[in-house]
Every structure is written in C-alpha cells, then in structure tokens.
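Peer 1: sequence below, structure please.
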Amino acid sequence: MRWWWHLAKFLTRIGAAPTWQLRPVGADNVPLTGGVLLAANHQSFLDPLLVASCLDREIHFMARRSLFEIPGFGRLIIACNTFPIERDQGDVKGVKTAIERLKAGNALLVFPEGTRTRDGRISPMKSGVRLLAERAAVPVVPVLIDGAHKVWPRSRALPGFRGRIDIVFGRPFLSSRSDDLARRIRSDILALRQKLGRPPRPDELETVPNVESQARA
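Peer 2: From the prediction side, this is the model:
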C-alpha cells in the first residue's frame, strides 16, 4: 500500500478505536489479493473510512457525482481510489469503471442499499450489484456495519463522540445465475448482525424469511 494510505488507516484506527470502540471481526475473510466485491449496509458518512481501516489492503469506492464538485474534496477522494457514479439512474460509465477496477484485481466497496439508512434498518438491496459481481467474475464478501447510525445519523450534521461500532466481514462466495444476489447479500448481513446478539427487526424479516436459518449455518 502507498504510504499515505497506511497513514490514513492508522489515524482512522487510533481515532475510532477509543472514540467509538471500533471492533473489526472476520477481516481475514477478505482475500489479500485479487478482485473482490465488498457489499455493505450503509449507516453513515463514516462507513468507507471505517471499513478501509479494518483491512490490510487498499480498497476502492464509488460515490455520488455531486461530491466530486466540492472544491478540494473531489481531488481528495479521487486520490483515495474513489470514482463517481450517478445514483438512481443508469450510469454506464460508472458501472464500466467499477467492473474494470475489479477485473484489475482491486477490492471495491459498494453499498447496495443505495443511500444511508434513516432509522438503522437494513433496507432491501438494489439488483445492480449482481451485474458487477457477474461481469467481473469476482467473489462477494458481505459486510455488516453496526452502530455507525447511532454515532452519526442522517439527522445530525456532525458525528457524536460516544458509541460502539462493529464491522463484521462474512465469508466470500461466488454469485451464480440462480442466486437473487441482492437478497442473499441482505440476508447474510442480517445473519451477521444476529450473530452479534442483535436480532432482525420485524420489518426486516418480512422480506428475508430465511435469516434465522442462515444465522445458524
């Protein structure tokens, strides 16, 4: 990794560990080399930094195009392996860039929910994640982010300075044509949270009836 990536990771970890009791679990499930798609639920603006700080390799990100228009900030996130994508509409160029980076052997973090949660609930995932996994032919690692919503909810301009955040990496798997990949990722993430002793809410189970069996697997 480049020296400044090491520095950013180090600063994030020493800041997040005591402030938010950051606890990574299962980071060794993420392959150290080769293309891999990290599919996480989305709780706060902190999520990309927190996930990246838990891993021993650089990762790439996609972000909404408007962020690249902020003076100075756009250049900063480009330097951090981030590329733009249009949300809520087909973005052929953004999807192509994502597939190219995966095929080049990079780890790419995506948030298939499409936006940050409003209430902490893990929402249904968008189906576009399957296109990335199949076109790039890379394994998928489900990632649970738990606690970041309480630290920095959408209703607040700045994060709080107390709380606990767990980042849990599930086992990698390859997508198959018979899979409803978006549904499987969500089900796996809910199962990871259940293993932490935090059962799904009733409104989450309505669309994922098999989460209990997955949690026992």
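
Peer 1: let me see the contact set for the residue nearest the centre of the chain.
Peer 2: What sits nearest the mean C-alpha location of the chain, by C-alpha atoms, centre = their mean, is residue 40, with 3.0 Å. By C-beta atoms under 8 Å, 6 or more residues apart in numbering, the contact list for residue 40 reads 47, 51, 109-111, 142-145, 189. All C-beta spots, glycine's among them, are computed from the backbone N, C-alpha and C.

Peer 1: and if we set it to 6 Å?
Peer 2: Residues in contact with residue 40 (C-beta atoms under 6 Å, 6 or more residues apart in numbering) are 111, 143, 145.

Peer 1: go ahead and confirm the last one touches residue 48.
Peer 2: No: counting by C-beta atoms under 6 Å, residue 145 sits too far from residue 48 to count as a contact (10.0 Å).

Peer 1: so between the two, which is more surrounded?
Peer 2: residue 145 (24 against 21; other C-beta atoms under 10 Å).

Peer 1: quick one: contacts for that one?
Peer 2: 40-41, 43, 47, 167.

Peer 1: quick one: contacts of stretch 95-111?
Peer 2: Here stretch 95-111 makes contact (C-beta under 6 Å, 6+ apart) with 34-40, 42, 51, 57, 59-61, 83, 132, 135-136, 138.

Peer 1: show me the residues you listed that map onto strands.
Peer 2: Of the contacts of stretch 95-111, the ones assigned to strands by DSSP state E are 36-40, 59-61, 83.

Peer 1: mind checking which helix or strand residue 120 is in?
Peer 2: In the assignment (DSSP states H and E), residue 120 maps to no helix and no strand.
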